[in-house]
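Novice: Can you look at this prediction? I've put the sequence above it.
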Amino acid sequence: MSPSIVLVLIVALAVLAFQIGKARSIAVAGGPRHTRSLHSLPGHYGLLTAFWCVLPALAVFGVWVGFQDSVLTRLVLSNMPAEQQSLPADQLGLLLNDLRNVVAGNVPASMVSDPVRQAASDFLRLQHVAHLSLAGVALGIGVVALLWARRRIRPELRARNEYERMIEWALFACSAVAVLTTLGIVLSIVFEAGRFFGTVPITDFLFGTNWSPQTAIRADQVGSSGAFGAVPLFVGTLLISLVAMVVAVPLGLFSAIYLAEYAAPRLRRVVKPLLEVLAGVPTVVYGFFAVTTVGPMLRTVGEALGLSVAGESALAAGLVMGIMIIPFVSSLADDMITAVPQSLRDGAYALGATRSETVRQVVLRAALPGIVGGILLAVSRAIGETMIVVMAAGLAANLTLNPLEAVTTVTVQIVTLLVGDQEFDSPKTLAAFALGLMLFLVTLLLNVIALYVVRKYREQYE
Amino acid sequence: MRTAAETQERVRAGLSRRYRAERRFRAYGMAAIAVGIAFVLFLFGTVFAQGLSALRQAYVQIDVFYDPEIIDPAGNRDPDDLVVADYQSLVRASLRERFPTVEGRPALRELYGIASSAASVELQRRVTADPGLIGQRERLWVLADDTVDMFLKGKVSRSAPEEERRLSDTQLGQIDALKSQNALKLRFNSAFFSNGDSRDPEQAGVRGAVVGSFLTLLITLLLSFPIGVGAAVYLEEFAPRNRITDLIEVNINNLAAVPSIVFGLLGLAMFISFFGLPRSAPLVGGLVLTLLTLPTIIIASRAALKAVPPSIREAALGIGASRWQTVVHHVLPLAMPGVLTGAIIGMARALGESAPLLMIGMVAFIVEVPAGVLDPSTVLPVQVFLWSDLPERGFVERTSGAIIVLLLFLIVMNAAAVVLRSKFEKRW
C-alpha cells in the first residue's frame, strides 16, 4: 500500500468524519427540526469533527514519510556484513547510491554486488512492512480521533468558534511559509558557505584576484589546489550590471517621463503594456537573443571600427540585460512621477516654467528618492540575473574593466559549479554556496535600502 | 532694481533657447519609447523569423518493401524478433532502388545520409503495430536528415564550398532528383510536437519539455495558490498589527526581490540534499517554483482583498456573520478576479523561469516524455537553454521554435489575466 493510497484513505476518512459529526449533532439536538438548540450549524460540527480526525492522521503521515527512508537505510545498513559497514565514507556513499538505484528500479538487480542486492531486497521488504504499518497507524489514529471528537459533540459545544480558530491558525501557517522560506535560504546557504570557509579562508575568497575552482578529484593529480579569489567575479558582475544600467536607466526614465507627462492617454494605454511585454519575456529568450543576434552584431560593428570584440563580451550581455530591465525602471519611475502632486507642477507653470523645466527642476526632484529606490531595485535584479549571463557571458574569470572583453559573473559561476557533477563536500561545489551567500546579502541590502527609501518617500505625500 | 521691461526683455531673449530645450527634451522621451518598442519588435521579429521554419520539416518519400528475409528470417512473427530486426537496411534498400546507379561504400553512405535515422524507427513502429505488413510494399513519407532539411529551407547555400555545407555535390544532385520526382518536400513538422528531446535535430521535439512544464506548474499551482491566498487572507483580514505580522510582511516584500537562483540553491540544499527527493523531478521543480511565486501571489491577492470596500465586511458582520464567514461568503468571492489574475501572472512567471531549475538538475538530456511528477524531466525554458548550446544549424531553428511555443503559452496566460481583470473586476 503506497503512501499516496494512504493519503486518499485519509481524505475519505475526513469526508466520513464530516458526515458522522453532522449526523451526531443533529441527533444530540433531538432531530433535524430542533437544530436551533445547537450552538452552531450542524455543518460546523461536521467540519470540526473532520478537522480533529484528519490533523493527527496527517501529522503522523508527514513525519512517517519524511523519516521513513533514512530510518530504513540505517536498518538495512546495520544488517549488512561488517566488511561493507566499515567502508570509508565516500565508498559507503557510492554503495548507498547503488542501493537507492536498485530500489527505485533504475538499475537491474543483476548489475550490483551481492551484498547490495541482498540489502535492496531487505529494503523493499522493510518498505512494504513500513507502508502497511503507516496505513494502520495513520488511519488508526484518525479513527480514534474521530471517535473522540464525536463524543465531544454536545449542543453547547462552540463548534463554529473552535473550527474558525483552527482555520485562523492554518492561515497563519500559510503566511509563516514566507518566513520559513527566508529561514531556509539563510540556513542552507550559510551552513554550506560555512563549510566552504572552513577550507578556504574568507579573506582569500573576498580579496583574492585569482579564480580557478578546478580542484583535483584524486589527491595525486596535478593542479589540485583550486584558487577561490572572487574579486574577478565581483568586478565582472558589476561591469555587466553597469552596462545594463547605462542602457536601462536613461531609456526607462525618459520613457516614463514622456508617458507620464507628455503622452496622450490613448498613446499611454497602447505604449505602456507594449513596453511591459519586455518584462514578461523569459530571460532564457533574452539569453538566446544575446548569443545569436546581439553578440555577432557587436562583433561586426567592432570589426568595422577596428576594435576587437570578444564573442562573449560583457557589452552584449549587459546590453540585452539592460533591455530586459527597461520596463522595470520605467514602470517604477512612472509610479513615482504620477505620485507627485499636481499642485507642484501648477506652481512651476505659474512661475512661467516650460514643461521640461517643470519636469527637470520640480517633478524629478520631488520624485528623486522614489526613482533612486527603483533604480536600486533594478540594480539588484541585474546582479541576480542568471540566464542571460550564463548564455551570453564568458566562463573564464578575467579581471578587467573593458566591456569589450569576456568576463564572468557570480551567477554564471554558481551555475557552472553546480550543474554537472555533484559531490557535496568538495570546495568546488561549496564555493557556489559562498557565492550564493554574497549574492543574497548584496541583493538583500539593496532591496532593504530601496524599500526603505521608497516607503519613506511615499509617506511624504499621502 | 530691474524694471519690468528689462525683465521681459531678458525672458524673451531666452525664450527661443528654452523652447528648443523643451523640444529636445520631448524628443528624448519619444526616442526612448521608440527604442524600447523597436527592441520589442526586433526581439519578436528575430525569434519568429528564425523559428517559424521549425514548423515545417523535410520529408522524403520511400518505397519500402518489408522484406521477410530481413525482418523475420525465422518466419514466426515473434514480436521480440520484430522489435530488434534490421529496419535500417530496408530504408537503405529503398534508397538504392531509387538511385540504382550509385555504387561504392562512400557514395552509398552519402545516399543513405539523406534519410534520417528516425526512418527505421518509424518502420519498426509500423511493423510491430501491424505484422501483416511483412512481405508487402508501402510508399510512405519519412523524416529526411537535418542537413537536407536545412538545404531545402535555404539555410545552406548551394554556392557555399562543399566542405562547409555538409552536403556533397552528388547529394545535391540526388536531392534535386528527388525534388523533381516530388519525393522530397517540406511538410508540417508533427515530430516537433510529438517527440521528446533527441541528439538529432530532425527528431528533437518539445513534447517532453511541455509535459514537464505542465507537471511542474501543476505542482506549483496546487501548492502556491492555496498557501498564497491563505497568507493574503490572514495578513489582510485576520492579522493583528504586531511585531510578528510586521516581520512576515517585510519578509514577503524582500523574498519577492531575492534572485531566483538563490531559490535554486535552497532547493538543492534542502529538498535534494537534505530531504533526499529525486533530482530533475517536476515535484522538486514545483516546490522551488512555489516558494518563488508565493510572494507574487500573496502581494497580488492582498491588493485584490484591499480593493473590496469595508462596507461589504461591515454589512456581513452587522447581520451576525463571523469574520471567517464574512471572508469566505463575501470578501473572497468579490476579490476572486484579482486573486486569479495574480495567480495567472505568478504562473506565467514560473513558466518562464529556468535558473533555479538548473540547480536542481532539470537540465539532463531526457528523451522520454515524463509520466509522473517523480520522473526525470525538463521544462520548456530549460529545453531552450539546452538546445541553444548545440552547434547544429537545425537546433538554432528548433530553439526558436521552442521559444515560440513558450511565448504562445505566456501570451495565452497573460491574455487570460487581462480578460479576467477587465471583465470581472468591479470598480467600487
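Specialist: Thanks, I have the structure now. Residues are numbered from 1 along each chain as shown, chains lettered A, B, ... in the order given.
Novice: Let me know whether residue B:236 touches residue B:303 as I believe.
Specialist: No - counting by Cβ atoms under 8 Å, residue B:303 is not a contact partner of residue B:236; they are 9.3 Å apart. The way it works is simple: take the backbone N, C-alpha and C, and place the C-beta from them, glycine included.
Novice: the more surrounded of those two?
Specialist: residue B:236 (19 against 16; other Cβ atoms under 10 Å in any protein chain shown).
Novice: would the more buried one count as being in a helix?
Specialist: Yes - secondary structure assignment (DSSP: H, G, I helix; E, B strand; the rest coil) places residue B:236 inside a helix.
Novice: distance of it from chain A?
Specialist: As for residue B:236, its distance to chain A is 10 Å (criterion: Cβ to the nearest Cβ, to the nearest Å).
Novice: can you tell me which residues contact residue A:252?
Specialist: Contacts here follow Cβ atoms under 8 Å, 6 or more residues apart in numbering or on different chains; on that basis residue A:252 touches A:325, A:326, A:327, A:328, A:329, A:330, A:333, A:378, B:32.
Novice: ugh, wrong one, I meant residue A:38
Specialist: A:25, A:28, A:29, A:45, A:155, A:159.
Novice: Can you give me the domain boundaries for the chain?
Specialist: Here I'm looking at chain A. A:3-157, A:227-461 (automatic domain parsing).
Novice: my question was about chain B
Specialist: The record's domain split for chain B, according to automatic domain parsing, is B:4-52, B:56-194, B:207-424.
Novice: longest single helix anywhere in chain A?
Specialist: helix A:159-199 (DSSP state H).
Novice: Mind checking what helix or strand follows it in sequence?
Specialist: helix A:202-207 (DSSP states H and E).
Novice: Now the element after that next one, going C-ward?
Specialist: That would be, after helix A:202-207 and using DSSP H and E, strand A:211-212.
Novice: Who are the packing partners of that following strand?
Specialist: Judged by 3 or more Cβ pairs under 8 Å, 6 or more residues apart in numbering or on different chains; DSSP states H and E, strand A:211-212 is in contact with strand A:227-228, helix A:231-257.
Novice: Go through these and pick out the most buried.
Specialist: When neighbours are counted by mean count of other Cβ atoms under 10 Å in any protein chain shown, the highest per-stretch mean among these falls to helix A:231-257, a mean of 23.
Novice: Name the residues of the helix or strand that that one is followed by that are buried.
Specialist: Once helix A:231-257 ends, the next helix or strand along the chain (criterion: DSSP H and E) is helix A:265-280. Neighbour-count burial for helix A:265-280, counted by 16 or more other Cβ atoms under 10 Å in any protein chain shown, picks out A:271, A:272, A:275, A:276, A:277, A:278, A:280.
Novice: CA atoms of helix A:265-280 as CSV?
Specialist: What follows is helix A:265-280 as a C-alpha-only set of coordinates in CSV (Å, rounded to 0.1, in the frame of the first residue of the first chain):
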residue,chain,number,x,y,z
PRO,A,265,-3.9,58.9,-22.5
ARG,A,266,-4.6,56.9,-25.6
LEU,A,267,-1.0,56.6,-26.6
ARG,A,268,-0.2,55.7,-23.0
ARG,A,269,-2.7,53.0,-23.0
VAL,A,270,-1.1,51.4,-26.0
VAL,A,271,2.6,52.0,-25.3
LYS,A,272,2.7,51.1,-21.6
PRO,A,273,1.7,47.5,-22.0
LEU,A,274,3.8,47.2,-25.1
LEU,A,275,6.9,48.2,-23.1
GLU,A,276,5.9,45.9,-20.3
VAL,A,277,5.9,43.0,-22.7
LEU,A,278,9.7,43.2,-22.3
ALA,A,279,9.3,42.3,-18.6
GLY,A,280,7.2,39.2,-19.4
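Novice: where does it sit relative to the chain's centre, distance-wise?
Specialist: 28 Å (Cα atoms, centre = their mean, to the nearest Å).
Novice: and the angle from it to helix A:231-257?
Specialist: Interaxial angle of helix A:265-280 relative to helix A:231-257 (axes from the mean of the first three to the mean of the last three Cα atoms, to 10 degrees): 160 degrees.
Novice: sorry, back to before: which of the contacts of residue A:252 fall in strands?
Specialist: Applying DSSP state E to the contacts of residue A:252, no entry is found in strands.
Novice: Right, and chain A sits closest to which residue of chain B?
Specialist: Scanning chain B for the residue nearest chain A gives residue B:259, at 2.4 Å (criterion: Cβ to the nearest Cβ).
Novice: And the strands in chain B?
Specialist: Per DSSP E, chain B carries strands over the ranges B:56-65, B:137-143, B:184-188.
Novice: Let me have those strands in JSON lines, extended by distance to chain A, mean neighbour count and mean pLDDT.
Specialist: Rendered in JSON lines, the data for the strands of chain B read as follows (distance: least, Cβ to the nearest Cβ, whole Å; neighbours: other Cβ atoms under 10 Å in any protein chain shown; pLDDT from 0 to 100):
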{"stretch": "strand B:56-65", "distance to chain A": "20", "mean neighbour count": "22", "mean pLDDT": "86"}
{"stretch": "strand B:137-143", "distance to chain A": "25", "mean neighbour count": "15", "mean pLDDT": "85"}
{"stretch": "strand B:184-188", "distance to chain A": "22", "mean neighbour count": "15", "mean pLDDT": "84"}
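Novice: so what's residue B:258 up against?
Specialist: Contacts for residue B:258 (Cβ under 8 Å, 6+ apart) come out as A:185, A:384, A:440, A:443, A:444, A:447.
Novice: my read: the fourth one touches residue B:259, true?
Specialist: Spelled out, it's residue A:443. Yes - in this structure, residue A:443 sits in contact with residue B:259. The criterion is Cβ under 8 Å, and the distance is 5.7 Å.
Novice: Just want to know which of the two has more residues nearby.
Specialist: Taking other Cβ under 10 Å, residue A:443 and residue B:259 do not tie; residue B:259 has more neighbours (26 against 22).
Novice: Flag the shaky bits of the stretch 151-300 of chain A, pLDDT-wise.
Specialist: A:214-225 (pLDDT under 70).
Novice: Model confidence score at residue B:1, please.
Specialist: Looking at residue B:1, its pLDDT reads 65.
Novice: Pull up the gap between residue B:229 and residue A:178, please.
Specialist: Residue B:229 sits 13 Å away from residue A:178 when distances are taken as Cβ to Cβ, to the nearest Å.
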